[in-house]
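A.B. asks: just need the structure, nothing else, for what follows:
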Amino acid sequence: MDKGVVWADRSTGLGITQFYNLGLLQSNSAKILGGAQDNGCNQLNGATFTHFYGADGFEVAYRESTPTTLFIESQSGGIRRSTNSGSTFTSIVPPGATGGGWDTPYIIDPANDARMYIGYDKCYRSTNSGTSWTQIGGALGTGVDLTACPSNSSRLYYATSSKVWRSDNCTAAAPTFTNVTGTLPVASASITSITVDNTNSLNAFVSFSGFSAANKVFKTIDGGVTWTNISTGLPNIPVNCILYHNGSADGIYVGTDVGVYYRDDALGTWIPFMNGLPNVIVKELEIHTSTNQLVAATYGRGFWKSDTYSGCPSGYSLSTSNYQDQGYFYFEASSSISSSMHLYGGEGTDCNYNAGSYIDLVDGFEITDGSLLHAYIDGCTGTSNPFPIQKLSGSYAGPMDDKVEDILQAQNQSFKIDDFELYPVPVRNTVNVSYTLNDDSPLKISVVGIDGKQMNVLMNQSDMKAGVYRLNFDTSNLNNGIYFMRIETKAGIATKRFSKVN
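C.D. replies: Now for the predicted structure:
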């Protein structure tokens, strides 16, 4: 009002903290520690944040057996301990330790919370909560992550950006480490995180950063002797962290540059796990076991939490009262989805419904210009081949139930292409497509991405004679991921989902 002479701060209440790390207190779900860019180490207790120390904050942790003891860190491994709930802190950096990374990893052993490990350019162990340290192993390289094994306290994994090391005697007087990097794609991508099955210490998972297509997550069932790529379903974006859901059938969460994804043995692929989460970098994930909630440290939007994955429900009834009106949404139901949500977010709001029988946009549903709605009649991921209905966007802002029901009815009636098959699956560099045309018809065969965008046109004929066809197409230019094969004729449209792998 005075042409810039006096400025008033209007940033109060903005949830834009750039967290690198978080630490949960399992005995008290209201408390969360966080290490943040330029804002040091902080504690959230209920709705109140308390700043503890520093400018740049990194790894943080509580000691569960004595919750008044907590640990914080500044860049390059400047670890500190408080024994009075954060009133004062003392440096506990191992004497002579050097070569710590920007975000130096340390962990508390789940089997003994007095035992800690920290990774500078060498690994150090403490048996008294950091009062003293012992170097273990040789020059392993600058650590990016460590994980101790709940089922085997003698086993420890130590990861650098290009190597994975395993010790099978990490509690011994003179532990040894074995390089188990093996066939991991470290020449084209950088390791970011490692996690382990809580019941089987040989069952471990590694995540990768960068933009090397299909090199995102790898699994070992033999402690790193062999590795299997389980990246199918993830977009080609950096994966910053990985977390094993204890007690699950290999349930895994990853934090990426656009949010959270999940997979388990039943799904067999990755699905978005970020309903209502802003499009934001996720740096660390932890689970609070008694409340069964997943907590995310985001780089730019503070802390977020969600109930953990619980399988596919039979139905959803969605409204603006239980979901906000902007962000990314992905809902799957084996039977039906009913929605009266208001999608008012505009650009960046992307809502996806996938139901087995029907989707009902009831009176009150609204969508504004720039917001996206994707609807699929398929049901839970992996049960059949998704049938894309329509991608809705633009300026229409009224109730849309009648419009979408008409689309569903029309397209379901046109699903008449017989003997439509893809093989072999998963698809590698070529795919065979077989189908039967009952009548002469124009024919278009295309590959569509999971976002609805056309990737390749494989065939486009103005007049195809009726008959049985078996064709072979080149798919070598597709990145690994999930796609739809789409056949369009005068009778209608048919689609089948497939996975592309190298």
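
A.B. asks: okay, residue 496: pLDDT?
C.D. replies: pLDDT, residue 496: 77.

A.B. asks: just residue 478 next, same as before
C.D. replies: pLDDT, residue 478: 85.

A.B. asks: just to check, it is in contact with residue 499?
C.D. replies: No. Residue 478 lies out of contact with residue 499 (C-beta atoms under 8 Å); the separation is 10.4 Å. Any C-beta I mention is one placed from the backbone N, CA and C, and that applies to glycine too.

A.B. asks: between those two, which is the more surrounded one?
C.D. replies: Just comparing residue 478 and residue 499: by other C-beta atoms under 10 Å the higher neighbour count belongs to residue 478, 19 against 16.

A.B. asks: quick one: stretch 268-275 to chain centroid distance?
C.D. replies: 7 Å (C-alpha atoms, centre = their mean, to the nearest Å).

A.B. asks: low-confidence ranges in the stretch 351-500 of the chain?
C.D. replies: By pLDDT under 70, the weakly predicted segments of the stretch 351-500 of the chain are 381-418, 450-453.

A.B. asks: no wait, the chain
C.D. replies: 1, 322-324, 381-418, 450-453.

A.B. asks: all helices of it, in order?
C.D. replies: 401-413 (DSSP state H).

A.B. asks: identify the single longest strand in it, thanks.
C.D. replies: strand 454-464 (DSSP state E).

A.B. asks: ok, residues contacting that strand?
C.D. replies: Residues from elsewhere that reach strand 454-464, judged by C-beta atoms under 8 Å, 6 or more residues apart in numbering: 433, 437, 440-449, 471, 473, 475, 477-478, 483, 489.

A.B. asks: that one pairs with which strands?
C.D. replies: strand 441-449 (antiparallel) (DSSP bridges).

A.B. asks: list the buried residues of the partner strand.
C.D. replies: 441, 443, 444, 445, 446, 447, 448, 449 (16 or more other C-beta atoms under 10 Å).

A.B. asks: just checking, residue 70 touches residue 59?
C.D. replies: No. Using C-beta under 8 Å, residue 70 is not in contact with residue 59, being 11.5 Å away.

A.B. asks: overlap of the contact sets of those two?
C.D. replies: Counting by C-beta under 8 Å, 6+ apart, the residues touching both residue 70 and residue 59 are residue 23.

A.B. asks: burial count for residue 420?
C.D. replies: Residue 420 has 16 neighbouring residues, counting by other C-beta under 10 Å.

A.B. asks: likewise residue 438?
C.D. replies: The burial count for residue 438: 12, using other C-beta under 10 Å.

A.B. asks: hmm, it is touching residue 468, no?
C.D. replies: No. At 10.3 Å, residue 438 and residue 468 do not qualify as touching, with contact defined as C-beta under 8 Å.

A.B. asks: so what touches stretch 286-297?
C.D. replies: Outside of stretch 286-297, the residues within contact range by C-beta under 8 Å, 6+ apart are 19-24, 26, 29, 32, 34, 243, 245-246, 253, 255, 260, 277, 282-285, 303-308.

A.B. asks: how about that stretch: buried residues?
C.D. replies: Going by 16+ other C-beta under 10 Å, stretch 286-297 has these buried residues: 286, 287, 288, 294, 295, 296, 297.

A.B. asks: same deal with stretch 120-137?
C.D. replies: 120-126, 129-130, 133, 135-137.

A.B. asks: biggest separation within those, which pair?
C.D. replies: 121 and 129 (22.8 Å; C-beta to C-beta).

A.B. asks: returning to what we had before: which residues do residue 478 and residue 499 both contact?
C.D. replies: The contact sets of residue 478 and residue 499 overlap at residue 427 (C-beta under 8 Å, 6+ apart).

A.B. asks: quick one: contacts for the nearest residue in space to residue 43 that is not next to it in sequence?
C.D. replies: Closest residue to residue 43 apart from its sequence neighbours, by C-beta to C-beta, 6 or more residues apart in numbering: residue 50 at 4.9 Å. With contacts defined as C-beta under 8 Å, 6+ apart, the neighbours of residue 50 are 42, 43, 86.

A.B. asks: which of these fall within strands?
C.D. replies: Per DSSP E, those map to strands at 42, 43.

A.B. asks: which of the contacts of residue 50 lies closest to residue 104?
C.D. replies: Of all the contacts of residue 50, residue 42 has the smallest distance to residue 104: 18.5 Å, by C-beta to C-beta.

A.B. asks: surely the closest one and residue 48 touch.
C.D. replies: No. Using C-beta under 8 Å as the test, residue 42 is too far from residue 48 to be in contact (10.2 Å).

A.B. asks: higher neighbour count, the two?
C.D. replies: Neighbours per residue (other C-beta under 10 Å) separate residue 42 from residue 48, with residue 42 holding more: 22 against 8.

A.B. asks: next one: the more buried one from residue 295, what distance?
C.D. replies: 14 Å (C-beta to C-beta, to the nearest Å).

A.B. asks: excluding its backbone neighbours, what's nearest residue 347?
C.D. replies: residue 370 (4.5 Å).

A.B. asks: cool, and residue 128?
C.D. replies: Closest to residue 128 by C-beta to C-beta, 6+ apart is residue 114, at 5.9 Å.

A.B. asks: right, and that neighbour touches residue 130 too?
C.D. replies: No. In this structure, residue 114 is not within contact of residue 130 by C-beta under 8 Å, at 9.4 Å.
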